[in-house]
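Enquirer: Okay, here's the prediction I keep looking at, along with the sequence it came from:
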2 protein chains.
Amino acid sequence: MTDTIFDGHDHGRCQGMALDAVDAQCAARGLRLTPVRRDVLEILLKSHRALGAYDLLDELKARGHKAQPPVAYRALDFLLSNGFVHKIEQRNAYVACCQPGKAHAPGFMICRGCDLVAELPSPDPQDSVMVAARQIGFAVERTVVEAEGLCPACKREEEEA
Amino acid sequence: MTDTIFDGHDHGRCQGMALDAVDAQCAARGLRLTPVRRDVLEILLKSHRALGAYDLLDELKARGHKAQPPVAYRALDFLLSNGFVHKIEQRNAYVACCQPGKAHAPGFMICRGCDLVAELPSPDPQDSVMVAARQIGFAVERTVVEAEGLCPACKREEEEA
DNA sequence: CGGCATATGTTACTATATAACATTCTTCGC
DNA sequence: GCGAAGAATGTTATATAGTAACATATGCCG
Ligand SMILES: [Zn+2]
Ligand SMILES: [Zn+2]
Ligand SMILES: [Zn+2]
Ligand SMILES: [Zn+2]
């Protein structure tokens, strides 16, 4: 399975499926995917990158929204708290989830060359943090797992230079 | 081995050892642990918590330094880039390293009750992020691993309430 | 329709971090 | 010791990220 965003994956399809999944989730759980919220999600899905709140704000303006910071942050709050979007802590930036709906603790690989962000399929309870936590009785409620580096393509480019 | 900061560990000793280790490192590598830098490190070591840059700034003022933001950030730059301090990304805050000198990718457990931060002894190359990265040829250069939750003591307290 | 809950618009502000340049302190060759 | 070069600090101003508070609008239900 090498179907990550780093090799040529069918992004149109991936994007459409994610949007559909969110629509389904909202219908099922009585959530309102309003125009602002949907636009923020679409912007993030389209880029497959981590965007800052103020980048989103600019895009919202371009799409004709009145856009003060709270508008972007409120849309993000909604999307984050329902698991449709994740925050990349090391960049204060936001990225669309690849498996929206499925409850999961996310992990990421972030390329410093092209800024693409790949979401890991799932975290492993055998990971050393989790093992250490169990050993000392620390109750983990939220994890931040982010690996920064170079994707295969960007690594090749850097080696050639 | 339950010698974490969450159970009663000899903090005076732990603090002293860390400071000594940093002194030794600086001597060995020709680094200058100036008064500001040393004070920032001491403040962080003393609290065993993650402090924001502006918290540090206040403490520096209390210790008689002239203190504008760049003063704190420059001291932090020095301490971060030499591995004496780590940044807790999910809080935009900084914590002293427990094994300064030894090169290591850090991981943390952060209690949301008492704010204590425990640094994991070491990360495991078998952790799922690393395995996934190897599989697709992603070259990891930096990892952020942070687990937030409740330490044993704070969990007990919350259950009683 | 009226009333309640939810979502958005808007202003102003707090918190985090850096750019740029002036000044002082160290080091080291002379 | 003296002066130049580099390193560290002082200082002002500004960039970037995030929130509080209150006004207005919109959807939903009886
Ligand atoms: Zn996800
Ligand atoms: Zn790349
Ligand atoms: Zn460390
Ligand atoms: Zn605690």
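Expert: Here it is on my side, so go on. Ligands and ions are numbered 1, 2, ... in the order given.

Enquirer: Strands of chain A, start to end?
Expert: In order along the chain, chain A carries the following strands (DSSP state E): A:85-88, A:93-96, A:108-111, A:117-119, A:139-150.

Enquirer: Among these, which comes closest to B:Gln15?
Expert: With respect to B:Gln15, and counting by C-beta to C-beta, the nearest of the strands of chain A is strand A:139-150 at 26.5 Å. Quick note: C-beta positions are derived from backbone N, CA and C, even for glycine.

Enquirer: hang on, the earlier thing: with ligand 2 as the reference, name the closest of the strands of chain A.
Expert: Distances from ligand 2 to each of the strands of chain A were compared by C-beta to the ion, and the smallest falls on strand A:108-111, at 3.3 Å.

Enquirer: quick one: the closest one to chain centroid distance?
Expert: Taking the mean of its C-alpha atoms, strand A:108-111 sits 10 Å from the chain's own mean (C-alpha atoms, centre = their mean, to the nearest Å).

Enquirer: Against which helices or strands is that strand packed?
Expert: Taking 3 or more C-beta pairs under 8 Å, 6 or more residues apart in numbering or on different chains; DSSP states H and E as the contact definition, the neighbouring helices and strands of strand A:108-111 are strand A:85-88, strand A:117-119, strand A:139-150, helix B:128-136.

Enquirer: ok, it: who's next to it in the sheet?
Expert: Neighbouring strands of strand A:108-111 in its sheet, by DSSP bridges, are strand A:117-119 (antiparallel), strand A:139-150 (parallel).

Enquirer: Return the most buried member of the ones you listed.
Expert: The densest packing among those, expressed as mean neighbour count by mean count of other C-beta atoms under 10 Å in any protein chain shown, is seen in strand A:117-119 with a mean of 22.

Enquirer: Is that strand in proximity to ligand 2?
Expert: No: legend: contact between strand A:117-119 and ligand 2 by C-beta under 5 Å from the ion is lacking; minimum distance shown is 9.9 Å.

Enquirer: Centre of the chain to that strand, how far?
Expert: Relative to where its chain is centred, strand A:117-119 has its mean C-alpha point 7 Å off (C-alpha atoms, centre = their mean).

Enquirer: now stretch A:135-145
Expert: 21 Å.

Enquirer: cool, and stretch A:100-108?
Expert: For stretch A:100-108 - counting by C-alpha atoms, centre = their mean - the centre lies 9 Å from the chain centre.

Enquirer: Give me the most central residue, chain A.
Expert: Of all residues in chain A, the one closest to the mean position by C-alpha atoms, centre = their mean is A:Val95, 2.8 Å from it.

Enquirer: and that residue, what are its bridge partners?
Expert: Under the criterion used here (DSSP bridges), A:Val95 is bridged to A:His86.

Enquirer: B:Gln25: which of the helices and strands packed on strand A:108-111 is closest?
Expert: Counting by C-beta to C-beta, B:Gln25 lies closest to strand A:139-150 out of these; the figure is 24.9 Å.

Enquirer: and the longest helix for chain A?
Expert: Scanning chain A for the longest helix, with DSSP state H as the assignment, gives helix A:11-29.

Enquirer: who in chain A is up against ligand 2?
Expert: Residues of chain A found near ligand 2, taking C-beta under 5 Å from the ion as the criterion, are A:Cys111, A:Gly113, A:Cys114, A:Cys151, A:Cys154.

Enquirer: Need the buried ones from those residues selected in ChimeraX.
Expert: Command for ChimeraX, covering only those of the residues of chain A next to ligand 2 found buried under the criterion 16 or more other C-beta atoms under 10 Å in any protein chain shown:
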select /A:111,114,151,154
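
Enquirer: Could you give the average pLDDT over stretch A:153-161?
Expert: pLDDT averaged over stretch A:153-161 equals 90, rounded to a whole number.

Enquirer: and what of stretch A:108-124?
Expert: Averaging pLDDT along stretch A:108-124 gives 90.

Enquirer: and it, how far out from the chain's middle?
Expert: With C-alpha atoms, centre = their mean as the basis, the distance from the averaged C-alpha position of stretch A:108-124 to the chain average is 9 Å.

Enquirer: Straight-line length of it, end to end?
Expert: Using C-alpha to C-alpha, to the nearest Å, the end-to-end distance of stretch A:108-124 comes to 13 Å.

Enquirer: repeat for stretch A:130-150
Expert: In terms of C-alpha to C-alpha, the two terminal residues of stretch A:130-150 are separated by 26 Å.

Enquirer: And the residue of chain A that's closest to ligand 4?
Expert: With C-beta to the ion as the measure, the residue in chain A that lies nearest ligand 4 is A:Phe138; the distance is 8.8 Å.
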